[in-house]
Each structure stands twice: as C-alpha cells, then as structure tokens.
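Participant: Pasting the sequence and the predicted model now:
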Amino acid sequence: MNRTGLKAALLEAGTARITGMPVDLSDGSHAGPGAGGTGSVFFSFDGLRVRLSIDENSRVTIEHLGDGKAVLRFGDIVQEGFLEPAALHCPRQAYITISEGCIFRCRYCNVPSQTQKIKTPEEVISMIEKVADYIDCISITSGVIGSPGEDEERVLEIIRRVKRFSLPVGVSTYPLPGTPGRLHDLGVTEVKFNLEAATPELFSEMCPGQDRNLIVSALKDSVVLFGKNHVFSNVILGLGETDDEMKACIKELCEAGIIPVIRPLNPKSDLRDFPRPSAERIMSIFEYHKARLEENGLDPKKALTMCVACTGCDLTPGRDE
C-alpha cells in the first residue's frame, strides 16, 4: 500500500488508540461536522498528515515513543511518523471558531447541541498571541448564533483586529449577499463557503433552512475577487450521494475556479449510524478530483489557510501525493 492509500485507509478508520508516552491532545472541534469530539491527534508520515479522533476501541494504534516520535500500527501495517502539535485546532494555524453554536440544524452536525459561546475580539487576540510564533496563518470560522447578519458582524470585527498580525487570513462562514466583497475589502486572503452535499436535493434534506443558491453565488463571486486557488467549498462524501453525483459536483466547482474539499463523513448527530466512506471510494473520488483540478488549472498547494492548507481530515490532490 502506498502512502496515499494508507491515508485513505486511515480516513476510513477515523480514529486511533494512543499508547506509550503521554500525549498533548488537540481539543475537540467546536464547529462543523467534527464538533463535539473528545480530542484528536495529527499523525504525520512521509510528508502526509491525518487527523484521528481518540477512541480506546480503535483498530488503529499509535505508540508515542516520546518527543513526538510515534509508530502507527493498523492490521499488518507498521508506519513510523510523528505526532504533530496543534497550534489552535490544527498544526501551524490559529483556526478559531467565533460562535460555538448554530441556529441551523444540519443532520450530520453536533454544533446545535453544544453549549452556546461567543468569543470576544479580546479573547481571539489573546489566543493568537499565545501561538503567534508557531503559526503561518489565521483561519476564522463560525456557527450562526442569533442571525447570519449578527454573526457576520462579529466575524468582520475580528478580522479588523487580527490584521495586526500581518498573516494570511482565511474565513469560512455562512454567506449573505455581498459577503465576499466585505471580506475582500478587509484584506481577507481566502474564503470557504460550504455546499456540504453533492446535490441540491441532498442539501435540502441535510441542511434545512439554508440557501444553496446563495452559497453558490457567494463562491462564484469570490473567484472574481480572491482568484483561483483561494476559494474553497467543503463537500461531504458519504451523505447518500452516488459516485456520479459527487463527480458532477466536483466538476461543476472546478470549472467555476473553486477548489472542492472532499470531506469523508464523520458519522454524528442524526447520521451517527451512517457508515464511513470506504478507503476504495475515497481513493476513487480522489483520482477524479485530481484530474478535474489539473484540467481547470487549480492547485491546492497554493492554498495558504484553512482545510486545504491543513489536509488533516481530507485526501487532498497535490498535497497528498
């Protein structure tokens, strides 16, 4: 098995059991489909990185030898690597959730069941200051507490404050008409507005109350403002779409100059009984994704922030090869 195939297999597994020396665990995510976890680790090997949630019953074991050095065992596979420290949420980034909570109730997401919390600008600045020597960018995301308009105002104020760090800033929020322009005017580097589901029908089923056309419009407007390789959209693999439907979604996004982030389903909330996508399916979609990116002159290696720069939760063409 090559290293890309191993990462696909680990994404299918999704979890790891940690043994050996004590490990500083990354906090559970506070936003999106990964929210509400009990902690995770970033295992890096041969230039690849994968995020695995902690589960004492996992099929994957990572033995920490000390000083970050580690050995992963998965069936007959023994892979040396290291545990990469997370700055805030992921390695080399201050990836911060402003509003922990959400008025929307996407079926795959635990955020609405979390205790609501809104970080103040002062809290965010303090968090970044503590990791400023260990990060390459600042990434801002948010649930929606109150209304999308209220939440956008909170995010815009944070962006005004974090400009003092002179680092690339990426933003992922639920957009409103004009959101891309407002973010661009404040000097944001990259944006990510998430379609989440491969088809309009699945989107309506999985994300009630949200406007898919608004998200598509924001993505297309963003390409004009931010340029190719700096506009992204998460699409979850495993919500019930066919391979052909996922491929059609990838093709449409790539042709519009948008880099799709194909996120294998992490079964939670209403979808807790759904299976994780198989390694074979992850690899098959990865190869199609790679071809469409190349065909449209898109290069994930040029991304500076957020998920495409991290790659921990996804198999990313150009970076995971």
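Facilitator: That came in fine, so what should we check first?
Participant: Please enumerate the strands of the stretch 151-300 of the chain.
Facilitator: Secondary structure of the stretch 151-300 of the chain by DSSP state E, counting those that start in this stretch: the strands cover 169-172, 190-192, 231-237, 259-264.
Participant: again, but for the stretch 1-150 of the chain
Facilitator: Under DSSP E, counting those that start in this stretch, the stretch 1-150 of the chain gives strands at 15-20, 40-45, 48-54, 60-66, 69-74, 77-84, 89-90, 93-97, 99-100, 117-118, 137-141.
Participant: Throw these into a markdown table and include mean pLDDT and mean neighbour count, thanks.
Facilitator: For glycine as for every other residue, the C-beta is placed from the backbone atoms N, C-alpha and C. Formatted as a markdown table, these follow (pLDDT from 0 to 100; neighbours: other CB atoms under 10 Å):
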| stretch | mean pLDDT | mean neighbour count |
| --- | --- | --- |
| strand 15-20 | 96 | 18 |
| strand 40-45 | 96 | 22 |
| strand 48-54 | 96 | 22 |
| strand 60-66 | 97 | 16 |
| strand 69-74 | 98 | 19 |
| strand 77-84 | 97 | 16 |
| strand 89-90 | 93 | 24 |
| strand 93-97 | 97 | 25 |
| strand 99-100 | 94 | 22 |
| strand 117-118 | 95 | 16 |
| strand 137-141 | 98 | 25 |
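Participant: buried stuff in the longest helix along the chain?
Facilitator: For the chain, the longest helix by residue count, based on DSSP state H, is helix 279-295. By neighbour count on 16 or more other CB atoms under 10 Å, the buried set for helix 279-295 is 279, 281, 282, 283, 284, 285, 286, 288, 289, 290, 292, 293.
Participant: ok, and the closest non-adjacent residue to the third one?
Facilitator: This means residue 282. Closest residue in space to residue 282, ignoring its immediate chain neighbours: residue 8 at 4.4 Å, by CB to CB, 6 or more residues apart in numbering.
Participant: Distance check, the nearest residue to residue 232 once chain neighbours are set aside against residue 219.
Facilitator: Of all residues not flanking residue 232 in the chain, residue 192 sits nearest, at 4.1 Å (CB to CB, 6+ apart). Separation of residue 192 from residue 219 (CB to CB, to the nearest Å): 9 Å.
Participant: okay, and the common contacts of these two?
Facilitator: Shared contacts of residue 192 and residue 219, defined by CB atoms under 8 Å, 6 or more residues apart in numbering, comprise 231, 233.
Participant: Can you report how many residues lie near the residue nearest to residue 282?
Facilitator: The tally of other residues near residue 8 (other CB atoms under 10 Å) stands at 26.
Participant: The one 3 residues further on now?
Facilitator: The local packing of residue 11 (other CB under 10 Å) involves 27 other residues.
Participant: right, and it touches residue 280 too?
Facilitator: No: with contacts counted by CB atoms under 8 Å, residue 11 stays clear of residue 280, the gap being 11.7 Å.
Participant: Can you name the residues that contact the residue nearest to residue 282?
Facilitator: Contacts of residue 8 (CB under 8 Å, 6+ apart): 279, 280, 282, 283, 286, 315.
Participant: if we go to 10 Å?
Facilitator: Neighbouring residues of residue 8 by CB atoms under 10 Å, 6 or more residues apart in numbering: 1-2, 50, 264, 277-286, 315, 320.
Participant: Out of those residues, flag the one nearest to residue 76.
Facilitator: Of all the contacts of residue 8, residue 76 sits closest to residue 1, with 9.4 Å by CB to CB.
Participant: mind checking pLDDT for the closest one?
Facilitator: Residue 1 carries a pLDDT score of 89 in this model.
Participant: How about residue 114?
Facilitator: If you check residue 114, the pLDDT there is 80.
Participant: Go ahead and confirm it touches residue 101.
Facilitator: Yes: in terms of CB atoms under 10 Å, residue 114 counts as a neighbour of residue 101; the distance is 5.9 Å.
Participant: and these two? which has more neighbours close in?
Facilitator: Counted by other CB under 10 Å, residue 114 and residue 101 do not tie: residue 101 has more neighbours, with 22 against 17.
Participant: I'd say that one and residue 119 touch.
Facilitator: No: with contact defined as CB under 10 Å, residue 101 does not count as touching residue 119 (11.4 Å).
Participant: list the contacts for residue 173?
Facilitator: By CB under 10 Å, 6+ apart, the residues touching residue 173 are 98-99, 140-144, 148, 151-152, 154-156, 179, 183, 191-194, 218.
Participant: If we use 8 Å, what do you get?
Facilitator: With contact taken as CB under 8 Å, 6+ apart, residue 173 is in contact with 140, 141, 142, 148, 151, 152, 155, 179, 193.
Participant: now residue 140
Facilitator: 96, 98, 155, 158, 159, 162, 169, 170, 171, 172, 173.
Participant: ok, of those, which one's closest to residue 228?
Facilitator: residue 170 (15.3 Å).
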